[in-house]
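S.K.: A structural model of the following input is requested.
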Amino acid sequence: MTSRRWVLPALLVSALTVSFAPQALAHGHGHGDKPRTVGYYTNWSGYDRNFLVKDLVTNGTAPRLTHLNYAFGFLDQGGKCVSSDPWADYQRPFGAEQSVSGKADDPAQPLLGNLNQLKQLKAKHPKLRVNISLGGWTGSKYFSDAALTPESRAAHVKSCIDLWLKGNLVGAAPGAAAGLFDGIDLDWEWPSSEGAPGNVIRTEDRENFTALLREYRKQLGRLTWQTGRSYDLTAFLPANPAFIDRGFEVSKVFGLLTFGTVQGYDYHGAWEPLTNQQSSIRTPAADPTSPKFSSQVTVDHYLRKGAPRNKVVLGVPFYSRGWTGVRNENNGLFQPATGPAPATYEAGYEDYRILKAQLGKFTVHRDPKAGHAWLFDGTTFWTWDDPTELKRKGRYVAERRLGGAMIWSLDGDTADGELIRGLTDGLSR
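M.R.: The predicted model follows:
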């Protein structure tokens, strides 16, 4: 299973954690309150996809989100926080027609790029919390080094707070982005388990991840003293129970997090020889693979390990996984394939909005009991999370009283936001 797309025992630290964690944890909801809707907006969305922050307004997404995670900030070889793309993040000027505010950027203004657009988005939607997401599939190489010692943890956290929360961007005016971000989302993929090739991995990552969260809580607590604001601390967590057990002290981790977003996709993909579901709510009855992956398997595992139900936020995909050269039996499901399906940006991976435009070539198949759908044309197979399936997932989250739903990623939706509408309709049931 792959993804896109992740202890200071002193009395002072304990006191700070106790003092400040409840403030931060108050954001979101408990049982009976409105579930969170968390969406990832990537700093590469504005390139080939030409999906701008403004599009979150025009397609109706922004008012339906409670949290937006801006992805990704990276870690350098020393474990310090850096921008992965300064041009996209804070240097690119936007014209009036591209801007949330409808006004063209002045190239001499202190803040440009996506960060300035997010600032404008928050001005329009003041209840929206915007967090910086660190790492991701291609940005997690040095997390293990950053988390290794008390000194490395302290230096890492200090650098991230200085860069993203205090807004001291390299090459920009001091504090140019101050006050934009409401917290930090850690996407370390994965502690103690293999992620992207070349990632640093250690067996002690499991305990060090908890220690890193404690250091974040400590320094975020100090920042709260200075600013009077509370800050989110969230993390993207894996679906694979083996990765969960190997990399996370679940009960301790959730005690430190505002909430955790749980991988609800990439259960299967074209790195495997058989077609399969990538985001089914339950394991399909005829699934021939082992171990079994589904959202229910993942959620139940976190709950058994001590995660509070109202802090478990289930991920949902706005994209499809696909195979081609598929044997034409069983409507293409659980059949051998020759490789990944051709696609626009990455073989075997396609945005929903692009596949929807090709829907006439395919037949839609559904398994309502397991909670997944797929497309098949006799040779090419795509997993299919459309408004029907996203509403089903939203209802599952609501019925199980989970903490909400998370979207990877917002740029996959249509110009009228049909996926976010389906999801939030289900969440509101």
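
S.K.: quick one, helices of the chain?
M.R.: When assigned using DSSP state H, the helices of the chain occupy the ranges 11-25, 55-58, 86, 113-124, 143-146, 150-160, 205-227, 241-247, 250-256, 295-304, 352-356, 387-399, 418-427.

S.K.: would you turn those into JSON lines with distance to S99?
M.R.: From N, CA and C alone the C-beta is placed, and that goes for glycine too. Supplementary listing: these in JSON lines, determined by distance: least, CB to CB, whole Å:
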{"stretch": "helix 11-25", "distance to S99": "31"}
{"stretch": "helix 55-58", "distance to S99": "10"}
{"stretch": "helix 86", "distance to S99": "19"}
{"stretch": "helix 113-124", "distance to S99": "7"}
{"stretch": "helix 143-146", "distance to S99": "34"}
{"stretch": "helix 150-160", "distance to S99": "28"}
{"stretch": "helix 205-227", "distance to S99": "27"}
{"stretch": "helix 241-247", "distance to S99": "41"}
{"stretch": "helix 250-256", "distance to S99": "37"}
{"stretch": "helix 295-304", "distance to S99": "37"}
{"stretch": "helix 352-356", "distance to S99": "22"}
{"stretch": "helix 387-399", "distance to S99": "29"}
{"stretch": "helix 418-427", "distance to S99": "21"}
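
S.K.: wait, T61 sits on G417?
M.R.: Yes. Shown here, T61 and G417 form a contact pair, counting by CB atoms under 8 Å, at 5.2 Å.

S.K.: the nearest residue to P273 once chain neighbours are set aside and C81, how far apart?
M.R.: Using CB to CB, 6 or more residues apart in numbering and skipping the chain neighbours, the partner closest in space to P273 is P336 (5.8 Å). Here the criterion is CB to CB, to the nearest Å. By it, P336 lies 44 Å from C81.

S.K.: out of those two, which sits in the busier spot?
M.R.: With other CB atoms under 10 Å as the criterion, P336 and C81 differ in neighbour count, and C81 comes out ahead with 21 against 12.

S.K.: tell me what the more buried one is bridged to.
M.R.: The partner list for C81 in beta bridges (DSSP bridges) reads L75.

S.K.: contacting residues around it?
M.R.: Remark: with contacts taken as CB atoms under 8 Å, 6 or more residues apart in numbering, C81 is in contact with G73, F74, L75, L134, H156, S159, C160, D162, L163, W164.

S.K.: any idea how far it lies from E207?
M.R.: Taking CB to CB as the measure, C81 and E207 are separated by 22 Å.

S.K.: contact partners for the nearest residue to S159 once chain neighbours are set aside?
M.R.: The spatial neighbour of S159 that comes closest, neighbours along the chain excluded (CB to CB, 6+ apart), is K80 at 4.0 Å. Going by CB under 8 Å, 6+ apart, K80 touches A146, A155, H156, S159, C160.
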